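A.B. asks: Predicted model and sequence below, questions to follow.
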Amino acid sequence: MRWIHCLAIGALSVSLAACTTSPTGRSQLTLMSDEQLDQMGAQAFAEYQQKRPTVGGAPYRLVQCVTDAIVRTLPPQAQDGGWQVRVFQDDSANAFALPGGYVGVNTGLLAITENQDQLAAVIGHEIGHVMAHHANERASTQSATNIGLSVLSSAAGLEGAGGQQVMAALGLGAQYGILLPFSRSHESEADVIGLQLMAQAGFDPRSSVALWQNMAASGGGQPPEWMSTHPSHGQRIAGLKAEIPEVLPRFEQARQAGRTPNCGRP
């Protein structure tokens with residue numbers, strides 16, 4: 001069919017024009033500029049601060065110290081202007097990092113992390129998302145998927161109630177067959193990058209396993225893995241264990257070079 005041929009050519013053209021490579025060597029589709037992502041990160045960080053109270057004192061100093069140690073391992077352009085850090089009063093065990101240099105950690109996460117190394121595993125993971133341009137890739141994939149479904153609907157003449165049902169099925173197929181697995185690949189990649197960053201900063205990467213064991217023990221049930229944007233706890237722990245022998249030399253080199261962070265305890 002001619003419309004399929006045209007759609008394939010158009011999709012290929014967009015992909016080739018916006019194809020980049022992640023820090024682990026994976027091909028990416030990135031349609032947005034760094035400036036756009038930085039602006040979105042700044043806006044999201046400002047909105048998050050408006051919705052939740054922030055915490056200072058020892059919790060803030062701990063998170064700032066760990067973040068600073070990890071940021072010092074980043075390329076110079078990623079250190080420009082420093083990274084803004086906030087600790088939020090929130091019982092959920094979450095953290096995030098945003099394009100433009102922003103890190104947020106909830107007090108609920110500090111209650112689960114037992115030492116600075118476990119906290120570094122989380123912050124390294126979140127900064128890993130930023131360094132791998134996952135926000136750009138996710139937004140670009142969502143946009144490309146929506147455009148593809150729209151073109152498919154128009155070209156195939158899918159109209160009326162029957163057409164809506166077909167498009168709904170295609171949408172679910174895209175969600176569970178493309179977007180969610182793609183998000184899981186982001187999580188696994190951020191785990192690898194996070195281990196590398198924390199090790200280079202002088203934090204023990206072996207603590208990441210204990211962290212996720214704590215997370216598994218404290219959390220509720222998880223949806224089936226194929227319906228989740230995150231790997232299962234067991235899969236994540238297995239992946240970390242497999243990667244740790246690769247990053248331990250970085251940790252040992254960091255310690256020999258005098259990188260011994262002393263940020264205290266949560």
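C.D. replies: Perfect, thanks for sending it. Numbers count the residues shown, from 1 in each chain.

A.B. asks: so residue 187 touches residue 236, yeah?
C.D. replies: Yes: with contacts counted by C-beta atoms under 8 Å, residue 187 reaches residue 236, the gap being 7.5 Å. The way it works is simple: take the backbone N, C-alpha and C, and place the C-beta from them, glycine included.

A.B. asks: Helices of the stretch 101-250 of the chain, start to end?
C.D. replies: Counting by DSSP state H, counting those that start in this stretch, the stretch 101-250 of the chain has helices at residues 107-112, 116-131, 134-156, 160-174, 180-201, 207-218, 233-256.

A.B. asks: Go through those helices and pick out the most buried.
C.D. replies: Highest mean neighbour count of the helices of the stretch 101-250 of the chain: helix 116-131, a mean of 26 (counted as mean count of other C-beta atoms under 10 Å).

A.B. asks: and the closest residue to residue 53 other than its chain neighbours, how far is that from residue 31?
C.D. replies: Once flanking residues are discounted, residue 53 sits nearest to residue 89: 4.5 Å by C-beta to C-beta, 6 or more residues apart in numbering. Distance, residue 89 to residue 31, by C-beta to C-beta, to the nearest Å: 36 Å.

A.B. asks: list the contacts for the spatially closest residue to residue 81 that is not a sequence neighbour?
C.D. replies: Among residues not flanking residue 81 along the chain, residue 101 sits closest, at 6.1 Å (C-beta to C-beta, 6+ apart). For residue 101, the contacting residues are 41, 78, 81-84, by C-beta atoms under 8 Å, 6 or more residues apart in numbering.

A.B. asks: do residue 251 as well
C.D. replies: Residue 251 touches 199-200, 202-205, counting by C-beta under 8 Å, 6+ apart.

A.B. asks: can you check residue 197 too?
C.D. replies: In this structure, residue 197 makes contact with 70, 73-74, 124, 127-128, 131, judged by C-beta under 8 Å, 6+ apart.

A.B. asks: Out of those residues, flag the one nearest to residue 210.
C.D. replies: Taking C-beta to C-beta as the measure, residue 124 is the one of the contacts of residue 197 closest to residue 210, at 14.7 Å.

A.B. asks: wouldn't the closest one be in contact with residue 192 here?
C.D. replies: No: counting by C-beta under 8 Å, residue 124 does not reach residue 192; the two are 10.2 Å apart.

A.B. asks: Could you tell me the end-to-end distance of stretch 90-99?
C.D. replies: Taking C-alpha to C-alpha, to the nearest Å, the first and last residues of stretch 90-99 lie 22 Å apart.

A.B. asks: mean confidence score for stretch 186-201?
C.D. replies: Averaged across stretch 186-201, pLDDT comes to 94.

A.B. asks: Wait, a strand at residue 20?
C.D. replies: Yes: checked against DSSP: H, G, I helix; E, B strand; the rest coil, residue 20 lies within a strand.

A.B. asks: isn't it right next to residue 133, touching?
C.D. replies: Yes: if you go by C-beta under 8 Å, residue 20 and residue 133 touch, sitting 7.1 Å apart.
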